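Engineer: this one's sequence-less:
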């Protein structure tokens with residue numbers, strides 16, 4: 001709104017106060033608050049990446065990894081595409097990866113959860129979650145580094161160019177469900193691997209970031225069975241006959257014997 005000084009001449013105090021009260025309903029945002037504005041309209045989840053060096057590389061690489069994992073991904077922010085321009089393309093399943101500056105993050109009000117280390121150098125709650133994740137990676141790394149991928153298979157709905165679980169070399173069937181009521185369909189993927197000696201491995205991953213799933217894996221070869229690789233000790237664990245479960249975004253590595 002543009003007003004000239006003489007246009008306010010003769011305006012009553014009450015009318016001017018009403019006008020000012022109306023303006024207060026619409027917060028004014030600075031150029032550093034574009035992420036705050038975008039966060040109000042973007043659907044799904046927003047992953048903001050900042051730091052001193054490597055922000056653009058990390059942002060583009062993260063977007064690529066998530067796409068390869070079958071997620072619906074949008075990439076924007078300081079990497080070149082304004083975040084607000086992505087709002088209409090987003091939906092509830094979208095992961096938006098954004099390169100942002102620390103100044104932009106400080107301007108975010110209600111939609112920001114801090115990274116492992118916040119801007120003042122203190123540990124945030126996320127730090128403890130990542131420490132737990134890093135402990136698991138440390139135990140699984142000696143196994144994972146020896147493996148090469150032989151196939152990835154998705155449950156319905158299939159991402160573009162993805163293969164269904166029915167095409168798996170090892171898995172005959174997976175019975176999976178969430179714990180929700182009314183039921184929410186379980187979404188998962190199977191990764192298949194081999195080591196240098198030709199031993200087969202598979203990993204099941206819960207694609208949902210909101211729901212845990214319970215599952216049973218049935219192999220194509222009746223004489224084969226699964227042995228879990230523990231993420232806590234790196235040791236082999238026998239798999240019971242009952243139902244197993246995965247937390248949101250969780251995964252489990254098995255050797256097929």
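Structural biologist: Sure thing, it's come through. These numbers were taken from a predicted model, which means no experiment stands behind them. Residues are numbered from 1 along each chain as shown.

Engineer: now the strands for the stretch 101-250 of the chain?
Structural biologist: 148-154, 163-164, 171-178, 188-194, 200-206, 213-219, 226-229, 236-238, 244-246 (DSSP state E, counting those that start in this stretch).

Engineer: save these as JSON lines, and put in mean pLDDT, distance to residue 94 and mean neighbour count too.
Structural biologist: Placement of C-beta: from N, CA and C, glycine included. Listed next are those as JSON lines, based on pLDDT from 0 to 100; distance: least, Cβ to Cβ, whole Å; neighbours: other Cβ atoms under 10 Å:
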{"stretch": "strand 148-154", "mean pLDDT": "96", "distance to residue 94": "17", "mean neighbour count": "15"}
{"stretch": "strand 163-164", "mean pLDDT": "94", "distance to residue 94": "23", "mean neighbour count": "14"}
{"stretch": "strand 171-178", "mean pLDDT": "95", "distance to residue 94": "20", "mean neighbour count": "16"}
{"stretch": "strand 188-194", "mean pLDDT": "96", "distance to residue 94": "18", "mean neighbour count": "19"}
{"stretch": "strand 200-206", "mean pLDDT": "97", "distance to residue 94": "18", "mean neighbour count": "22"}
{"stretch": "strand 213-219", "mean pLDDT": "95", "distance to residue 94": "21", "mean neighbour count": "17"}
{"stretch": "strand 226-229", "mean pLDDT": "95", "distance to residue 94": "32", "mean neighbour count": "18"}
{"stretch": "strand 236-238", "mean pLDDT": "90", "distance to residue 94": "36", "mean neighbour count": "12"}
{"stretch": "strand 244-246", "mean pLDDT": "92", "distance to residue 94": "22", "mean neighbour count": "17"}
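
Engineer: show me the one of those that comes nearest residue 116.
Structural biologist: Shortest distance between residue 116 and these, using Cβ to Cβ, is found for strand 200-206: 22.4 Å.

Engineer: angle of that closest one against strand 188-194?
Structural biologist: 160 degrees (axes from the mean of the first three to the mean of the last three Cα atoms, to 10 degrees).

Engineer: what sits closest to residue 67 if chain neighbours are left out?
Structural biologist: Closest residue to residue 67 apart from its sequence neighbours, by Cβ to Cβ, 6 or more residues apart in numbering: residue 73 at 4.9 Å.
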